[in-house]
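> I'll drop the sequence and a predicted model, then ask my questions.
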Amino acid sequence: TECRHGNQCNNTNCKFLHPKRTDTASSTPFFNQKVVPQPAKGPVQEIVELNGAQYNFLEFFGDKILNTICNQPGIKDMKIKDGKLQLTGDSSVIANMKYYLKETLHEQYATITFSLKKYLQTKCKRPLLKHFSQK
């Protein structure tokens with residue numbers, strides 16, 4: 001059923017249908033993002049927050065991914081620090097790069113064999129196993 005207030009409904013938790021409601025929230029985003037306000041003309045600066053696994057992967061193995069982002073026409077500057085990727089440049093190119101990151105840095109759960117678990121327990125330091133099992 002439709003809401004009796006139609007498009008003028010201000011209740012964000014309204015359970016009824018709204019014909020042309022544009023403020024509906026999307027599902028949980030892959031990246032938490034913060035947009036830093038910039039003047040209308042010139043480059044846009046956006047900060048993409050990465051989770052721990054994504055940040056570690058980019059820091060140690062992501063040279064090809066980071067080079068791809070840097071070499072895009074429209075990207076003026078890129079910095080990665082403290083779990084955040086800061087992109088400066090054209091807003092449409094930044095949006096494309098965020099989608100590229102989403103597709104490239106997908107996460108999967110993996111199971112480890114008992115022998116690998118034993119190896120990690122006996123040969124490696126205890127924090128390594130604890131850190132590995134938390135991911």
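Thanks, I have the structure now. If you're wondering where the values come from, they're calculated on a predicted model, not measured in any experiment.
> Tell me how this protein divides into domains.
What automatic domain parsing lists as the domains of the chain is 1-29, 31-104, 109-135.
> Next, format the ones you listed as TSV and append mean pLDDT.
Putting those into TSV (pLDDT from 0 to 100) gives the following:
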stretch	mean pLDDT
domain 1-29	64
domain 31-104	83
domain 109-135	70
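> Please identify the deepest-packed of those.
domain 31-104 (a mean of 15; mean count of other CB atoms under 10 Å). All C-beta atoms are positioned from the backbone trio N, CA, C, and that covers glycine.
> all helices of the protein, in order?
Assigned by DSSP state H, the helices in the chain fall at 52-61, 63-70, 91-104, 114-122, 126-134.
> Tell me which of the ones you listed sits nearest to residue 7.
helix 91-104 (27.4 Å; CB to CB).
> by contact count, what packs against the closest one?
strand 44-49, helix 63-70, strand 75-81, strand 84-89 (3 or more CB pairs under 8 Å, 6 or more residues apart in numbering; DSSP states H and E).
> Which among these is found nearest to residue 7?
strand 44-49 (30.0 Å).
> which neighbours does the closest one have in its sheet, and in what orientation?
strand 32-36 (antiparallel), strand 84-89 (antiparallel) (DSSP bridges).
> related to what we said a few turns ago, mind putting the helices and strands packed on helix 91-104 in JSON lines, distance to residue 7 included?
Below are those laid out as JSON lines (distance: least, CB to CB, whole Å):
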{"stretch": "strand 44-49", "distance to residue 7": "30"}
{"stretch": "helix 63-70", "distance to residue 7": "39"}
{"stretch": "strand 75-81", "distance to residue 7": "38"}
{"stretch": "strand 84-89", "distance to residue 7": "35"}
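> Ok, which of those comes nearest residue 97?
helix 63-70 (5.2 Å).
> quick one on the thing from earlier: out of the helices and strands packed on helix 91-104, the one nearest residue 12 is which?
Minimum separation from residue 12 across those (CB to CB) falls at strand 44-49, 23.8 Å.
> ok now that closest one, how far from the chain's centre?
Relative to its chain's centre, strand 44-49 lies at 11 Å (CA atoms, centre = their mean, to the nearest Å).
> Sweet, I'm off.
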